[in-house]
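Engineer: Next come a sequence and a model predicted from it.
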Amino acid sequence: MRPGTLALVALLLMTFTGCGVVSQEAAAPSPVAPVTTVDPAPSLAATPAPRPAGSPQDAAASGPADLYAQTAPEFPAGLEWLNVERPLSMAALRGKIVVIDFWTYGCINCVHNFPDLKRLQVEHAAEVVVIGVHSAKFTSESDTENIRQTLLRYQIDHPVVNDNQLAVWNTWNARAWPTTVVVDANGTLAGIHVGDGMYAALKPLVVQLIREADARGRLDRTPLPRALEREGRPATVLSFPAGVLADPRGDRLFIADTGHHRIVIVDPRDGMVLDVVGNGRQAFADGEYTMASFASPHGMALSGDGGALYVADTGNHAIRLVDLRSRQVTTLVGTGERARAYPSQPGVAPGIPLSSPWDLALDTTRLYIAMAGLHQIWTYRLSNGMVEPLAGSGIEGVADGPAAEAELAQPGGVALGDDGRLYVADTEASSIRSVTLAGRPSVATLAGGGRDLFTFGDRDDIAGEARLQHPQGIVFLNGSLYIADTYNHKIKSINPATGEVRTLAGTQRGWQDGPAPLFYEPGGITASHDWLYVADTNNHAVRIVNPATGATETLVLQGIDRFSAVAANSAPVVTMPPATVAPGTGRVRLNIVLPQGYKVNDLAPSSVRWQSSGAGATLPPDADRSLAGFAFPLDLPATFARGTGTLTADLAVIYCEADTPELCLIEEVRIIAPFTVADGGAPALELRHTVGAGR
């Protein structure tokens, strides 16, 4: 072991099923085949928890010797931190149990750990500090703004440091994503877990360390100051849409509104919202549209008769079935919990646990599932509900060959071609793979990729000479493949006969329509009537691309009053100072102030709904209204009766920058105005709110 480093990988508290490994000798990461287990029991996951260094009982303690009772190294200076007011230091965190998570945002196993980290932080909010060390694999992942978007997308509230030069990674001698390290209240390394499933592995150790530190009076329960990236940010109409699916008939477009945990159905011809599936709450519940719940849905598939929509409910590790006629949601496959066996075992739906299904494709007999969390392609047989692997051994890698022996790496997109092949956007391998479906299935690499998981880039070329970076979406149209080359912020075409890759649209991160469009980590793509529709994930928008020219426009969603993702009772509340108004005929003024350079979006109407209690404030029958094309303030005639009362306005303001009206922001707020009606009062009751004031 080199002086000043910690031999983290010498102790694995649990078998590794992570996204990659950095060798001690190499300057860049290189993968290894993961070790797997059928029953990763918590008893195998935790080492005997070492006593704090310097404890008088250390010498007499029974059990294995503590090999890692050394002080955890400090964070290097000059790194960018997120979700905190200022950089953190291990010295300042003495007295806390510190859980350090080495991760990179494209890694599915890292994503699996997010709920576990949040659970641990919530359960021990005063004693535990979770710190994410983002040590990037892909070039795009090293950018702080891209990491910030990931924190917003996954609602990550713990502090995160951008370790874009792998300085922290190398100091701690980390080897794999994800790696989770526990540091005790003395600042001493206490344990390590490599892979996902960190909660079961580390929870007993954390509890013991808290008890021991508390007993010795060494525990600091002072809250850690935060400056959350999500605070003060305006809501967007769509939130990180990751999937999009066009009805071949051309009259419906299904959007996986991933950050709002629902499916939005629109008419692509005019952007009118036709329906919304799901109540917007992150949960796992079947039922009618307004009762059903999803968790970060991604890819979708539509039945041949157009009556059933299949949804990859990624966060719930399930496949959901939406009956578009009866407006009911049911669970087709999955338990709502991630498969713990690796790889998972086949069986008959619905009680088969899945692991992060990312995308779907459908033929007349089978539903194909890109099972990102298991590095495999699975199928669901429509005839008997049998769920089983089709391709991929479960080892994360890039090997071609017979389907059961081939290696895939976090497949994120699937599309059926007209040539008897299933095409796969093999995301973590930065490649496009194909699976022959006739005869004995086999896997081949069509374009991109290389010998390992760390061959990526941005180069148009032929087959293996081309370079992609973390592609997710894929669709087959008129004999060609089109892909969302996510981390390159581009839409590319591929000739399935030759593997030739060409950039169709996009150059760098951004937003711009027209002949030279810009995208921001596009995640999904579909096609209908010779048009491409792109889920432009980090731009919170759906884009329409001409596959012949690459010219792009943004689909503007209309009927926004039905499109609200936040229920009125959960919207922020603004209470006005008490006011006095004169009895009799008067008016109510709704005065909404927009940020400079913004306007109400004429194509996406805002809306207001009123409630009155106590003394009379009678408004006209049409007071609840859409505010399409309206400029504030809004004056409504009112009649006031003597006494005291309260007037409440539930408001959804859809606004945009004056020069980019296609990209909508939304602010939902409940304004409460208490008032007294008495002689000498004002002629009007004003409800005033400044949109975006918290930004």
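Structural biologist: Great, that's in hand.

Engineer: what about I147, which SS state?
Structural biologist: Counting by DSSP: H, G, I helix; E, B strand; the rest coil, the backbone at I147 sits in helix.

Engineer: Look at it and say how many residues are nearby.
Structural biologist: By other CB atoms under 10 Å, the residues close to I147 number 24. Any C-beta I mention is one placed from the backbone N, CA and C, and that applies to glycine too.

Engineer: list the contacts for E288?
Structural biologist: 327-329 (CB atoms under 8 Å, 6 or more residues apart in numbering).

Engineer: Put the buried members of the residues you listed into a ChimeraX selection.
Structural biologist: A single ChimeraX command selects the buried members of these (16 or more other CB atoms under 10 Å):
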select :328,329
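
Engineer: In helices, which of the contacts of E288 appear?
Structural biologist: The helices, defined by DSSP state H, take in nothing from those.

Engineer: Tabulate the contacts of E288 in TSV, adding columns for distance to Q472.
Structural biologist: Below are those laid out as TSV (distance: CB to CB, whole Å):
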residue	distance to Q472
R327	29
Q328	29
V329	24
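
Engineer: Quickly name whichever of the contacts of E288 is closest to R86.
Structural biologist: Closest to R86 out of the contacts of E288 is V329 (45.2 Å), distances taken as CB to CB.

Engineer: How about the contacts made by the nearest residue to the closest one once chain neighbours are set aside?
Structural biologist: Closest residue to V329 apart from its sequence neighbours, by CB to CB, 6 or more residues apart in numbering: A292 at 3.6 Å. By CB under 8 Å, 6+ apart, A292 lies in contact with 277-279, 285-286, 320, 328-329.

Engineer: at 10 Å what do you get?
Structural biologist: 262-263, 277-279, 281, 283-286, 320, 322, 327-331 (CB atoms under 10 Å, 6 or more residues apart in numbering).

Engineer: distance of the residue lying closest to K490 once chain neighbours are set aside from P496?
Structural biologist: Leaving aside its chain neighbours, K490 sits nearest to G506 (3.6 Å; criterion: CB to CB, 6+ apart). Note on G506: its distance to P496, by CB to CB, to the nearest Å, is 21 Å.

Engineer: Please indicate which of the contacts of A292 are buried?
Structural biologist: Here, 16+ other CB under 10 Å leaves 262-263, 277-279, 281, 284, 320, 322, 328-329, 331 buried among these.

Engineer: could those residues be laid out in CSV, adding pLDDT?
Structural biologist: Shown next, in CSV, are the buried ones among the contacts of A292 (pLDDT from 0 to 100):
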residue, pLDDT
R262, 96
I263, 97
V277, 96
G278, 95
N279, 92
R281, 93
F284, 98
R320, 98
V322, 98
Q328, 98
V329, 98
T331, 98
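
Engineer: and which of the residues you listed is nearest V588?
Structural biologist: Closest to V588, out of all of these and judged by CB to CB, is N279, at 30.7 Å.

Engineer: for the stretch 301-450 of the chain, what spans make up the strands?
Structural biologist: 308-313, 318-323, 328-333, 347-348, 357-362, 366-371, 376-381, 386-391, 401-402, 411-416, 421-426, 431-436, 442-448 (DSSP state E, counting those that start in this stretch).
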